[in-house]
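Novice: Following is a predicted model, sequence given first.
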Amino acid sequence: MSLIEVRNLSRLYHMGEETVYALRDVSVGIEKGEYVAIMGPSGSGKSTLMNLIGCLDSPTSGEFILNGIEVSEMDDDELADVRNRQIGFVFQTFNLLARSTALHNVELPLVYAEIDSETRRERALEALGQVGLGDRVTHKPNELSGGQRQRVAIARALVNRPAIILADEPTGNLDSKTGVEIMALFEELSSRGNTIIVVTHEEEVARHARRIIRIRDGLIAADERISPEDRIQVGQS
């Protein structure tokens, strides 16, 4: 079984008397260790698919199995538990606590998971080391560059050792040079066996991945494997 198994997934919204389909009967599988980009224009349904994969929303119909767990019909509390254990989120806006150090920001998921303080510190330091910020652990967000803040956010996503890292427009608030550095970091994490899903509307960002799932009008318009010569490799601009 795939790490992510989506079968005939639909999500509709009622807008007054009108019914709007954000996703229509979507089926897709993602294997452990894959590096996938979900791409589409605004209103295509890519954010809806991301919210379903991230257990932030529930489908109207269809099945979603994540790491062997059927999550399609879970209630909000059950979804929150799966999110905390299985998914590491990276957001465009970093979502860091302004008055907390990098170390404390990275520890937060472990606080919610009720992990003891010594283990929290050990794992947070390890995660910050993985993203190249071992010398910035006591710095607060306003003492870090945009790229460093996003690295803190990625360390926070890693610290729970989740099944998936789900990144929503991770370079959207960064200049192009820093954006390339962040995509190089995802490439490095992918090479270590992490499963990474990047949601983006930018072709240049998507082409760092090994597979691009293109969404349009709530449907999968294309699902393509990217050959090594067509991918943007680490170090390329």
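Specialist: Sure thing, it's come through.

Novice: How many neighbouring residues does the nearest residue to I30 once chain neighbours are set aside have?
Specialist: Closest residue to I30 apart from its sequence neighbours, by C-beta to C-beta, 6 or more residues apart in numbering: I4 at 4.1 Å. For the C-beta atoms, the positions are set from N, CA and C on the backbone; glycine is no exception. Using other C-beta atoms under 10 Å, I4 has 21 neighbouring residues.

Novice: Bridged to I4, which residues?
Specialist: Beta-bridge partners for I4, by DSSP bridges, are I30, L66.

Novice: Do you have the helices of this protein handy? List them.
Specialist: 46-53, 76-86, 102-112, 117-130, 146-158, 176-191, 203-206 (DSSP state H).

Novice: Quick one: those as TSV, columns for mean neighbour count, mean pLDDT and distance to R24 too.
Specialist: Output for the helices of the chain, formatted as TSV (neighbours: other C-beta atoms under 10 Å; pLDDT from 0 to 100; distance: least, C-beta to C-beta, whole Å):
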stretch	mean neighbour count	mean pLDDT	distance to R24
helix 46-53	23	93	10
helix 76-86	15	90	22
helix 102-112	21	94	33
helix 117-130	17	96	38
helix 146-158	24	95	30
helix 176-191	18	91	29
helix 203-206	18	91	22
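
Novice: Specify the stretch among those that is closest to L9.
Specialist: Closest approach to L9 among these is made by helix 46-53 (6.5 Å; C-beta to C-beta).

Novice: so what secondary structure elements neighbour that closest one?
Specialist: Applying 3 or more C-beta pairs under 8 Å, 6 or more residues apart in numbering; DSSP states H and E, one finds that helix 46-53 contacts strand 4-15, strand 18-30, strand 35-39, strand 61-66, strand 164-168, strand 196-200.

Novice: can you tell which of these is closest to E187?
Specialist: That would be strand 35-39 among these, by C-beta to C-beta, at 7.6 Å.

Novice: what's the closest one in contact with?
Specialist: With C-beta atoms under 8 Å, 6 or more residues apart in numbering as the test, strand 35-39 has contacts from 30, 46, 49-50, 186-187, 190, 195-201, 203, 205-215.

Novice: mind listing what Q150 touches?
Specialist: Applying C-beta under 8 Å, 6+ apart, the residues near Q150 are 90, 94, 170-171, 173-174, 178, 182.

Novice: Quick check on those residues: which are buried?
Specialist: Neighbour counting by 16 or more other C-beta atoms under 10 Å classes 90, 94, 170-171, 174, 178, 182 among these as buried.

Novice: Isn't E73 up against S58?
Specialist: Yes. Contact criterion C-beta atoms under 8 Å: E73 and S58 qualify, at 7.3 Å.

Novice: Comparing those two, which shows the higher neighbour count?
Specialist: S58 (16 against 10).

Novice: Would you agree that one is in contact with E78?
Specialist: No. The pair formed by S58 and E78 falls short of the contact definition of C-beta under 8 Å, at 10.2 Å.

Novice: Pull the contacting residues for the most centrally placed residue in the chain.
Specialist: Taking C-alpha atoms, centre = their mean as the criterion, L166 is the residue nearest the geometric centre of the chain, at 1.0 Å. L166 is in contact with 50, 53-54, 87-90, 157, 197, 199, counting by C-beta under 8 Å, 6+ apart.

Novice: Could you measure from the nearest residue to I215 once chain neighbours are set aside over to A222?
Specialist: Leaving aside its sequence neighbours, I215 sits nearest to G40 (C-beta to C-beta, 6+ apart; 3.7 Å). In this view, G40 and A222 are 10 Å apart by C-beta to C-beta, to the nearest Å.

Novice: Next, give phi and psi for the closest residue to G172 other than its chain neighbours.
Specialist: Nearest non-adjacent residue to G172, counting by C-beta to C-beta, 6+ apart: Q92, 4.0 Å away. Main-chain torsions, Q92, degrees, to the nearest 10: phi -60, psi -40.
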